[in-house]
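Visitor: kindly return the folded structure for what I paste below:
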Amino acid sequence: MKTSILTFAFLFILSSSFCQNYKKDAVIIMNSVQLSEIIPNVVQVEILAEGFEWTEGPLWLEKENKLIFSDIPNNSIFEWTENGGIKLYLKPAGYTGKEKRGGETGSNGLLLNSKNELVLCQHGDRRMAKMNASLSSPKPDYETIAGDYNGKKLNSPNDAVYHKNGDLYFTDPPYGLEFNMDDPAKELNFQGVYKVDKKRKVTLLTKELSRPNGIAFSPDYSKLYVANSDPDKAIWMVYDVDENGMLKNGKQFFDATDLTKTLKGLPDGMKVHKNGWTFATGPGGILIFTPEGEHLGTIVTNEATANCAFNTDYSELFVTADNYLLRVKLKTD
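Guide: Presented below is the predicted three-dimensional model:
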């Protein structure tokens, strides 16, 4: 939790001929020189695309050499490639109903299962689902993985991650409900963190968080990190994962509540680097933590930042921030 006394910032340096491609107000705040192991001395926060409503759920597809991500209010998933730019990838992505409804209906978190199939957190349909189509030929044909707990419909699954044993862990806040916590269609009186085993049995792991959101495992799967996107308790929790996949010894990993008073954003999606550092979207942009909870620094986007994803070799970090899709190039071994 300690912050280095030495705090300094590197403004990213723009090439004058390509300045329109970079976010001019982005900065890197380094609380520790240790961050320079991954973050280059000259940092560029590149704008890959903009003009969406609320971007989320970035996922790198290695074989297809493309990134896909959700635009939740538009009920769509878009793809980005280096040569082709932006294209619509899949629609509808999170709500397949015929009746028109408000709220954030689209898909949120996206991930792949062990068979390289697309798995979606579907806000509007209020379920974890699998796309019954190949990644190269997507179509809105979905199969429910989990849609209820003890006979009551889930709120709106938000983010998810697979354990190495094949169990699916996910968070279930109310953000996809049209009227959020006050929605008459809400059936559960809590916001849970769950796991689904291979037989699709849904187990509640904890209901202690008011707004569970981003979720990620440590590289050895012994720890589970969960973000809580509540402005009154803007924290990340860390739990030990026992031999049965249950959570124990939960403790506060980092408290960003005070930061929310002056910076945009709340604890949201996150990814863990192969070296064990957590890249967690939150107040200001992307906060970077050691496994012990030391805040090494922040990639400041000056936008409400929702999620991030690495490419295969961890040389690039893709960021979904409000209406933007961004990219930061990183150092590798």
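Visitor: need the pLDDT of Lys164.
Guide: At Lys164, the model reports a pLDDT of 97.
Visitor: quick check: closest non-adjacent residue to it.
Guide: Nearest non-adjacent residue to Lys164, counting by C-beta to C-beta, 6 or more residues apart in numbering: Tyr221, 5.3 Å away. C-beta coordinates here come from the backbone N, C-alpha and C atoms, glycine included.
Visitor: how many other residues sit next to the one you found?
Guide: Neighbour count for Tyr221, taken as other C-beta atoms under 10 Å: 14.
Visitor: how about it, secondary structure?
Guide: Three-state call for Tyr221 (DSSP: H, G, I helix; E, B strand; the rest coil): coil.
Visitor: does it touch Val241 like I think?
Guide: Yes - judged on C-beta atoms under 8 Å, Tyr221 makes contact with Val241 at a distance of 6.4 Å.
Visitor: got a pLDDT number for the residue positioned nearest the centre of the chain?
Guide: Note on the chain: the residue nearest the mean C-alpha position is Gly269, at 2.7 Å, using C-alpha atoms, centre = their mean. pLDDT, Gly269: 98.
Visitor: residue contacts, it?
Guide: The neighbourhood of Gly269, defined by C-beta atoms under 8 Å, 6 or more residues apart in numbering, consists of 56-57, 109, 159, 213-214, 227, 281, 306-308, 320.
Visitor: go again with 6 Å.
Guide: Listed by C-beta atoms under 6 Å, 6 or more residues apart in numbering, the contact set of Gly269 reads 159, 214, 281, 306-307.
Visitor: one more: Glu117?
Guide: Counting by C-beta under 6 Å, 6+ apart, Glu117 makes contact with Lys130.
Visitor: what of Glu79?
Guide: Listed by C-beta under 6 Å, 6+ apart, the contact set of Glu79 reads 66, 68, 87, 89.
Visitor: sorry, back to before: would you reformat the contacts of Gly269 as TSV and include pLDDT?
Guide: Compiled in TSV, these are given as follows (pLDDT from 0 to 100):
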residue	pLDDT
Asp159	98
Gly214	98
Thr281	98
Ala306	98
Asn307	98
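Visitor: check those residues and tell me the two furthest apart.
Guide: Using C-beta to C-beta, the contacts of Gly269 span at most 10.6 Å, a distance reached by Asp159 and Thr281.
Visitor: pLDDT weak spots in the chain?
Guide: Applying pLDDT under 70 to the chain picks out residues 1-20.
Visitor: tell me, how many neighbours does Tyr162 end up with?
Guide: That count, for Tyr162 with other C-beta under 10 Å as the rule, works out to 19.
Visitor: which residues in the stretch 201-333 of the chain form strands?
Guide: When assigned using DSSP state E, counting those that start in this stretch, the strands of the stretch 201-333 of the chain occupy the ranges 202-206, 212-217, 223-230, 233-241, 247-255, 270-272, 278-282, 285-289, 295-300, 305-310, 316-321, 324-329.
Visitor: kindly reformat those as TSV containing distance to Leu188 and mean neighbour count.
Guide: Shown next, in TSV, are the strands of the stretch 201-333 of the chain (distance: least, C-beta to C-beta, whole Å; neighbours: other C-beta atoms under 10 Å):
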stretch	distance to Leu188	mean neighbour count
strand 202-206	10	18
strand 212-217	12	24
strand 223-230	17	25
strand 233-241	19	20
strand 247-255	18	15
strand 270-272	24	23
strand 278-282	25	27
strand 285-289	30	26
strand 295-300	33	24
strand 305-310	23	25
strand 316-321	27	25
strand 324-329	33	22
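Visitor: show me the one of the ones you listed that comes nearest Ser36.
Guide: Judging these by C-beta to C-beta, what sits closest to Ser36 is strand 295-300, at 9.4 Å.
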